[in-house]
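[1] could you look at this predicted model? Sequence included:
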Amino acid sequence: MPELPEVEIVKRALEPVLLERPLRKLQFNRADLRFALPGDLPDKLAGRTITSISRRGKYILAFADNDHGFVLHLGMSGVIRIEHPEEQSDQKHDHVVWAFDEGPRIVFNDARRFGFLQAVHVEDWQDSAPFNAMGPEPLGNSFNGEYLAEALSGKKASIKSALLDQRVVAGVGNIYDCEALYMSGIDPRRSAGSLSAQECEKLAHAIKTVLALAIEKGGSSLKDYKHTDGNLGYFQHHFAVYDREGDPCPKSGCPCGTDNGVQRIVQHGRSTFFCPYVQN
DNA sequence: CGGCAAACCTGCGAGC
DNA sequence: TGCTCGCAGGTTTGCC
């Protein structure tokens, strides 16, 4: 589930349950996820209170009142469950548990284990990888057409893959990459450096729009998520092209409707979905 | 250095 | 029913 909007939604859901509650125990159910889990972190955080939560790209950061904290990445299949005492259940692939003296606990479940949790300190987290090379937040003011034109300048790789580079812009993944390129009418196969200033402006705007809309939709169905125990997929019904191979694209009267519809191609090992008429 | 394939790991749906 | 294959929202590594 995790691109920027989903991570933002998880971050917002964590705020009321993780903040300002003394953490009884940070429990690791195995020694490693994608990377080794920080074995000394539970001792640093036991009995402490988390005082801040933030998001950077697809990463969630949380710091305790002693300036120690953790950074969490959900990988491809990572899911956070917030479980009230009467609804706690241990499930396969529950790797990390945040336990409190009372009230809900927090569980990180990740079947594929592409996700990870690492220790960070408030003083220096920004100086270490990947944060020291990460591009701007797409919803922030510093991300705009002018920045994008500069960042893409001279790049020979396709615009599709350039947007997946977290050094160009933080938090865009395969879905919103496809959606933003559709929204801006840009062919995903074009080289990144070939985009005009006007196209960069359009694309930057489309990225902001699609991400903001996804956060809005995701937020509205977060209640369902909490009650249905892990059933996700809030925004999927709003995709214009992603995972819609063969369907007519949403543009009314688009010739793709009487042709082959939305096309799927593979670029650098990842699926790209696009409408060859809208995006040219 | 830029670009790209492969690797990491498990689960699920399609097809036989 | 059960097997194999291909595919999955991400990132890192190593090779040209």
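    Cool, the structure landed. Numbers count the residues shown, from 1 in each chain, chains lettered A, B, ... in the order given.
[2] in the stretch 151-280 of chain A, what residue comes closest to DNA strand B?
    Residue nearest to DNA strand B within the stretch 151-280 of chain A: residue A:156 (3.4 Å; C-beta to the nearest atom of the strand). C-betas here are computed from N, CA, C, even on glycine.
[3] that residue belongs to a strand?
    No - with DSSP: H, G, I helix; E, B strand; the rest coil as the criterion, residue A:156 is coil rather than part of a strand.
[4] what's around it, how many residues?
    Residues contacting residue A:156 under the criterion other C-beta atoms under 10 Å number 9.
[5] wait, doesn't it sit right on residue A:192?
    Yes - counting by C-beta atoms under 8 Å, residue A:156 touches residue A:192, with 7.5 Å between them.
[6] strands of the stretch 1-150 of chain A, start to end?
    For the stretch 1-150 of chain A, the strands defined by DSSP state E, counting those that start in this stretch occupy A:23-28, A:50-56, A:59-64, A:68-73, A:78-83, A:94-100, A:105-110, A:116-121.
[7] enumerate the residues of the stretch 101-250 of chain A near DNA strand B.
    Residues of the stretch 101-250 of chain A lying near DNA strand B by C-beta under 7 Å from any atom of the strand: A:111, A:112, A:113, A:114, A:155, A:156, A:157, A:158, A:161.
[8] quick one: the third one and residue A:144, what's the gap?
    Spelled out, it's residue A:113. 37 Å (C-beta to C-beta, to the nearest Å).
[9] equivalent analysis for residue A:102, please.
    Using C-beta to C-beta, residue A:102 is found at 46 Å from residue A:144.
[10] same check, this time on residue A:164
    Using C-beta to C-beta, residue A:164 is found at 19 Å from residue A:144.
[11] with residue A:189 instead?
    24 Å.
[12] in the stretch 1-150 of chain A, where is pLDDT below threshold?
    Low-confidence segments of the stretch 1-150 of chain A, defined by pLDDT under 70: A:1.
[13] which residue does it have closest to DNA strand B?
    For the stretch 1-150 of chain A, C-beta to the nearest atom of the strand, closest residue to DNA strand B: residue A:112, 3.2 Å.
[14] could you report the neighbour count for the closest residue to that residue other than its chain neighbours?
    In space, and not counting its chain neighbours, residue A:112 is closest to residue A:77: 4.3 Å by C-beta to C-beta, 6 or more residues apart in numbering. By other C-beta under 10 Å, the residues close to residue A:77 number 15.
[15] and residue A:77, what is it in contact with?
    Shown in contact with residue A:77 (C-beta atoms under 8 Å, 6 or more residues apart in numbering): A:110, A:111, A:112, A:114, A:115.
[16] looking at it, the last one is touching residue A:32, isn't it?
    Spelled out, that is residue A:115. No - in terms of C-beta under 8 Å, residue A:115 does not count as a neighbour of residue A:32; the distance is 11.2 Å.
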